[in-house]
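**Q** Let's see this in three dimensions:
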Amino acid sequence: MKLATETKLHFTGFEKIIGIIILLIHVNNLFLDIMKIDAAQYASISLEMLQNHSYLQVYDLQSDYLDKPPFLFWVSSWSMNVVGICNFAYKIGAFLFLLLSLVAIFKFTTLYYNQKIAKNAVIVFATCQAFFLMSNDVRTDGLLTSCVIIAIWLIAEYWHKNKLIYLFFAAVFTAFAMMAKGPIGIIAVLMPVGLHLLYQKQWNKIFNLSWLLYVFIVAVLLIPMSYGLYTQFDLHPEKIISGKTHQSGLYFYYWLQSFGRITGENVWDNGLPWHFFIGSISWDFFPWILILYAGLFVQIKKVVTAKNQKVTEIITLTGFILLFALLSLSKYKLPHYIFVTLPFASIICAVYIDKLTQKQQLIWERIYFAFGVLVAILITIYPLFFFTEVNYLNYLLIGLQLFLLLKLKKLPINGIFRLVGYVIVLNVFLSFVFYPKLLTFQADAMAGKWFYENKPKDKVYFVNEKSHLFNFYTKNSKQQSILIKDLGSIHESCWLYTNGDNLSEIQKTKTILETKKFADYPITRLKLGFLLESKRPEMLKYNYLLKIK
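**A** Sure, this is the predicted structure:
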């Protein structure tokens with residue numbers, strides 16, 4: 001039985017232009033350089049997997065790897081095999097899953113509400129900062145987020161149409177979610193689904209034998225990954241992983257890596273408070289965070305005050321609140337962990353926006369106008385204080401933002417597009433102006449690209465440590481490292497890649513024929529001193545490629 005009514009979608013010419021601009025931002029993100037630290041490591045592992053043809057046993061810089069499940073590595077290595085080793089190849093697989101997640105959000109929301117709300121939910125998710133980050137800084141969280149909402153949509157389709165094919169593919173994407181991030185994948189799917197059925201008292205759907213088929217398919221699909229973990233680690237207790245022997249790959253994956261962060265068995269603990277995600281989501285879900293707070297309040301109030309007539313669904317509400325709470329219990333937290341909750345948040349926002357009165361809509365438009373003013377200020381001071389070289393696109397964006405601030409109300413743009421129109425320029429700026437400049441301060445990437453373009457057949461040694469980005473951009477997963485005390489053992493003409501701390505000692509022991517210098521800064525931990533042009537030289541370090549005799 002279908003719960004929603006159909007609403008014919010209509011887009012004005014300006015709204016279509018905004019939609020195309022949003023898509024172009026995400027496409028451009030696919031070509032931007034890969035960032036340290038996680039994405040660089042994952043890209044390097046994917047390259048190593050491709051070149052070693054080792055798909056069940058995972059290696060990182062030629063050493064055993066026991067941390068993230070292999071699904072991202074599989075997806076990226078396969079796309080590299082098709083289109084070649086490049087930024088686009090590493091990112092495109094995860095991005096296709098993100099696009100499919102937008103379809104899932106639309107379809108799921110249409111089942112319970114209508115197409116207008118579904119359209120708004122898609123726009124909210126596709127324009128939040130987390131989505132732009134997931135198409136740029138590709139990690140396992142994008143796959144987890146996509147697969148969870150896809151699986152939930154397919155389960156809802158199964159309930160409505162009673163066709164086992166939907167449940168089959170729901171199990172497939174649940175397994176993908178688990179192979180992307182761990183057991184959190186199946187928890188994120190079944191917890192909101194189960195609570196919804198309990199709330200609706202749909203006992204026939206809870207005690208249904210079809211769930212056995214679902215669990216069986218998930219278990220079967222996990223066999224290859226589990227076999228790889230067992231043969232790589234459980235059969236070799238003598239291996240030293242993170243300073244310990246007798247490391248079980250199966251125990252690590254199915255318990256320690258996820259639940260161990262809550263119980264304290266996992267030693268990873270970055271000391272962040274339980275409320276860390278309340279702060280981090282303010283940027284991750286910008287510009288929709290204030291609307292989310294309002295929407296949560298309205299939804300919770302509606303559920304609590306509902307008496308005889310129950311609300312349409314509580315999958316989105318419980319999916320957001322309980323997953324948010326569960327992740328907050330983890331002793332190790334990073335901002336991107338919360339991304340899996342954001343498809344639910346997007347639907348909550350869309351439902352709220354649909355119920356706005358004309359007066360409330362006007363209030364929100366004024367708030368977003370203020371956001372637009374802040375964006376205009378940011379992109380105006382950027383060429384004055386941050387990166388002062390001439391960039392004509394930045395000046396064009398300043399003019400565009402001023403035009404929107406002055407004329408948006410007069411353009412044929414309605415509803416949610418009136419809100420997002422003010423801040424979409426921000427992500428055009430980030431993708432086409434800011435990130436391309438910022439990424440030039442990753443020395444490993446710049447050095448790797450220079451070396452591949454100019455000295456692809458020469459031999460290079462890392463001094464004291466290795467580099468994921470250098471490996472990836474030289475398209476060689478087998479680069480060797482050497483301790484600085486062992487440089488005397490090199491009796492051939494070759495290159496050394498080192499940081500500035502080792503430069504003086506190398507100069508004492510080796511004759512240097514050629515030097516290439518690359519500026520370096522940890523760009524994922526930005527500070528004002530680095531951003532300011534006048535202070536930046538004090539913040540930079542340098543890495544070197546040295547040709548030695």
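**Q** only C-alpha atoms for contact and neighbour calcs from this point on.
**A** OK.
**Q** my read: Ala237 touches Thr231, true?
**A** That one is not Ala; residue 237 is Pro. No. The pair Pro237 and Thr231 does not pass the contact test of CA atoms under 8 Å, sitting 10.4 Å apart.
**Q** Show me the shaky parts of the stretch 1-150 of the chain.
**A** Low-confidence segments of the stretch 1-150 of the chain (pLDDT under 70): 1-9.
**Q** Helices of that one, residue ranges please.
**A** Using DSSP state H, counting those that start in this stretch, the helices assigned to the stretch 1-150 of the chain run over residues 13-29, 38-52, 71-83, 87-112, 115-127, 129-136, 140-161.
**Q** For this structure, which residues score under the pLDDT cut-off?
**A** Flagging of the chain using pLDDT under 70 yields the residue ranges 1-9, 243, 260-271.
**Q** okay, which residue is most central for it?
**A** Per CA atoms, centre = their mean, the C-alpha nearest to the average position across the chain is that of Met134, at 3.1 Å.
**Q** distance of the nearest residue to it once chain neighbours are set aside from Asn391?
**A** Once flanking residues are discounted, Met134 sits nearest to Gly142: 5.5 Å by CA to CA, 6 or more residues apart in numbering. Distance of Gly142 to Asn391, given as CA to CA, to the nearest Å: 31 Å.
**Q** With Asn28 instead?
**A** On the measure of CA to CA, Asn28 and Asn391 end up 17 Å apart.
**Q** Could you check which of the two is surrounded by more residues?
**A** More crowded of Asn28 and Asn391, by other CA atoms under 10 Å: Asn28, with 15 against 11.
**Q** my read: that one touches Phe429, true?
**A** No. Using CA under 8 Å, Asn28 and Phe429 do not qualify as a contacting pair, with a distance of 11.6 Å.
**Q** List the buried residues for stretch 196-211?
**A** For stretch 196-211, a neighbour-count test (16 or more other CA atoms under 10 Å) marks His196, Leu197 as buried.
**Q** so how far is it from its chain's centroid?
**A** Averaging C-alpha positions (CA atoms, centre = their mean, to the nearest Å) puts stretch 196-211 33 Å from its chain's average.
**Q** hmm, who's touching it?
**A** With CA atoms under 8 Å, 6 or more residues apart in numbering as the test, stretch 196-211 has contacts from Trp159, Gly194, Lys310, Glu313, Ile314, Ile315.
**Q** Out of these, flag the one nearest to Phe95.
**A** Ile315 (24.7 Å; CA to CA).
**Q** Identify the residues contacting the closest one.
**A** The contact partners of Ile315, taken as CA under 8 Å, 6+ apart, are Pro192, Val193, Leu195, His196, Phe344.
**Q** repeat that with 10 Å
**A** Ile315 makes contact with 152, 156, 189-197, 199, 344, according to CA atoms under 10 Å, 6 or more residues apart in numbering.
**Q** tell me which element the residue nearest to it when sequence neighbours are not counted is part of?
**A** The shortest distance from Ile315 to any residue other than its chain neighbours is 4.8 Å, reached at Pro192 (CA to CA, 6+ apart). Using DSSP states H and E, Pro192 maps to helix 184-200.
**Q** Tyr497 belongs to a strand, doesn't it?
**A** Yes. Judged by DSSP: H, G, I helix; E, B strand; the rest coil, Tyr497 forms part of a strand.
**Q** Bridged to it, which residues?
**A** Listed by DSSP bridges, the beta-bridge partners for Tyr497 are Phe462, Leu545.
**Q** Pretty sure it sits against Asn471.
**A** No. Tyr497 lies out of contact with Asn471 (CA atoms under 10 Å); the separation is 11.5 Å.
**Q** Any idea how many residues pack against Ala177?
**A** Counted with other CA under 10 Å, residues neighbouring Ala177 total 32.
**Q** Quick check: buried residues in the strand or helix carrying it?
**A** Element membership for Ala177 (DSSP H and E) is helix 164-181. Neighbour-count burial for helix 164-181 flags 164, 166-181 (criterion: 16+ other CA under 10 Å).
**Q** Send me it as PDB with only the CA atoms.
**A** Coordinates of each C-alpha in helix 164-181 appear next as PDB, following Å, rounded to 0.1, in the frame of the first residue of the first chain:
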ATOM      1  CA  LEU A 164      11.900 -10.500  -2.800                       C
ATOM      2  CA  ILE A 165      14.200  -8.900  -5.300                       C
ATOM      3  CA  TYR A 166      14.200  -5.700  -3.200                       C
ATOM      4  CA  LEU A 167      15.200  -7.700  -0.100                       C
ATOM      5  CA  PHE A 168      17.900  -9.500  -2.000                       C
ATOM      6  CA  PHE A 169      19.500  -6.200  -3.100                       C
ATOM      7  CA  ALA A 170      19.000  -4.700   0.400                       C
ATOM      8  CA  ALA A 171      21.100  -7.500   1.700                       C
ATOM      9  CA  VAL A 172      23.700  -6.900  -1.000                       C
ATOM     10  CA  PHE A 173      24.100  -3.300   0.000                       C
ATOM     11  CA  THR A 174      24.000  -4.100   3.700                       C
ATOM     12  CA  ALA A 175      27.000  -6.400   3.000                       C
ATOM     13  CA  PHE A 176      28.700  -3.600   1.100                       C
ATOM     14  CA  ALA A 177      28.200  -1.300   4.000                       C
ATOM     15  CA  MET A 178      29.800  -3.800   6.400                       C
ATOM     16  CA  MET A 179      32.700  -4.300   3.900                       C
ATOM     17  CA  ALA A 180      33.100  -0.500   3.700                       C
ATOM     18  CA  LYS A 181      33.300   0.300   7.400                       C
END
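**Q** Summarise which helices and strands that helix is packed against.
**A** With contacts taken as 3 or more CA pairs under 10 Å, 6 or more residues apart in numbering; DSSP states H and E, helix 164-181 sits against helix 71-83, helix 140-161, helix 184-200, helix 210-221.
**Q** chain center to the helix holding Pro192, what's the gap?
**A** Put simply, helix 184-200 sits 23 Å off its chain's centre (CA atoms, centre = their mean).
**Q** now swap in stretch 277-293 and tell me
**A** 16 Å.
**Q** measure that stretch end to end?
**A** Criterion CA to CA; first-to-last residue distance in stretch 277-293 is 14 Å.
**Q** May I see the buried residues of that stretch?
**A** Buried-residue list, stretch 277-293, by 16+ other CA under 10 Å: Phe277, Ile281, Asp284, Phe285, Phe286, Pro287, Trp288, Ile289, Ile291, Leu292.
**Q** so the fifth one makes contact with Asn427?
**A** Spelled out, it's Phe286. No. Counting by CA under 10 Å, Phe286 does not reach Asn427; the two are 11.2 Å apart.
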